[in-house]
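Asker: with the input below, show me the fold.
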Amino acid sequence: MMMPKFVFLCAIAFGTLVAHIGNVWGQQPAKASLEQVEAYVRNTWKSPPAGWESRIKQDETQRVCSQFRNDPPRAEYAAIKAREIATLVFPADGNVLGSWKAGEAVAQTGTGGQFSDKDDTVRGGNCYACHQMAPKELSYGTLGPSLAEYGKIRKFESAEAKAAYAKIFNAQSVLPCSSMPRFGAHKFLTEQQIKDVTAYLFDPASPVNNP
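Answerer: Next comes the predicted model:
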């Protein structure tokens, strides 16, 4: 399978990758390794984009997940979950469902997170890079679980839709050290985009729920 064009949300996840480099042989991240990675990233362009350094710095959750190789002790697990739950913001009107057609476009769009993207580049979730969604899709990633018939399996229940919205907004609030990006918490996707993707999963008319 060809690697997806979209570099998997490097604006969010690259910091985690940096820390894992030092862990290849069971060691903690070494300062030299971090410097080498930073040098590699910096030398990728003739003129590095402004602010690139901040895009590879880890926050506390990324640091802890890297330290424990995504298997944190119970206390750290609870601390991550509490910290990330606090970031959740639901739509003011309580409606977590938008347009499934717009959500399909978000799921299939893999631009917006690459260093080479311009500021006005349309951002997407690149969901198919990790998940099967619509059963009829021929190409999709397998890093994440299949989401085929997601809403149908959950009987299109509103509570399940709200839970899905929360996971898209910040997967760490549901499963600490999840590999899924924190789309809403990091403001990578808008509230409307997250609502649309949730609708793509839960609308009975969506291709996701129609084999």
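Asker: for stretch 92-112, what is the average pLDDT?
Answerer: Per-residue pLDDT values over stretch 92-112 give a mean of 97.
Asker: mind exporting that stretch as CSV, just the C-alpha atoms?
Answerer: What follows is stretch 92-112 as a C-alpha-only set of coordinates in CSV (Å, rounded to 0.1, in the frame of the first residue of the first chain):
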residue,chain,number,x,y,z
ALA,A,92,-23.5,25.1,22.7
ASP,A,93,-26.8,23.9,21.2
GLY,A,94,-26.1,20.3,22.2
ASN,A,95,-26.3,19.1,18.6
VAL,A,96,-23.2,17.0,17.7
LEU,A,97,-24.4,16.1,14.2
GLY,A,98,-23.8,18.1,11.1
SER,A,99,-23.8,17.1,7.4
TRP,A,100,-22.6,13.6,6.6
LYS,A,101,-21.7,14.7,3.1
ALA,A,102,-19.5,17.5,4.4
GLY,A,103,-18.1,14.9,6.9
GLU,A,104,-17.2,12.6,4.1
ALA,A,105,-15.2,15.3,2.5
VAL,A,106,-13.4,16.0,5.8
ALA,A,107,-12.6,12.3,6.2
GLN,A,108,-11.2,12.0,2.8
THR,A,109,-9.1,15.2,2.9
GLY,A,110,-5.5,14.8,3.9
THR,A,111,-4.2,18.3,3.7
GLY,A,112,-3.6,21.1,6.2
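Asker: which parts of that stretch are buried?
Answerer: 96-100, 102-110, 112 (16 or more other Cβ atoms under 10 Å). From N, CA and C alone the C-beta is placed, and that goes for glycine too.
Asker: centre-most residue in the protein?
Answerer: What sits nearest the mean C-alpha location of the chain, by Cα atoms, centre = their mean, is residue 181, with 1.9 Å.
Asker: roughly how far does that one sit from residue 39?
Answerer: From residue 181 over to residue 39 the distance is 25 Å, taken as Cβ to Cβ, to the nearest Å.
Asker: circling back: checking the residue nearest to the centre of the chain next. Helix, strand or coil?
Answerer: For residue 181, the assignment made with DSSP: H, G, I helix; E, B strand; the rest coil gives coil.
Asker: please shift the residue numbers so they start at 193 in all later answers.
Answerer: OK, 193 is where the count begins now, so the last one is residue 373.
Asker: how much space separates it from residue 351?
Answerer: 24 Å.
Asker: could you do residue 284 as well?
Answerer: With distances taken as Cβ to Cβ, residue 284 is found 19 Å from residue 351.
Asker: what residue spans form the domains of the protein?
Answerer: Taking automatic domain parsing as the reference, the chain has its domains at 202-277, 292-401.
Asker: related to what we said a few turns ago, which of the buried residues of stretch 284-304 lies closest to residue 397?
Answerer: Among the buried residues of stretch 284-304, residue 292 lies closest to residue 397 (Cβ to Cβ), at 6.6 Å.
Asker: dihedrals phi and psi, that closest one?
Answerer: Dihedral angles of residue 292 (phi, psi; degrees, to the nearest 10) stand at phi -70, psi -30.
Asker: lovely, talk soon.
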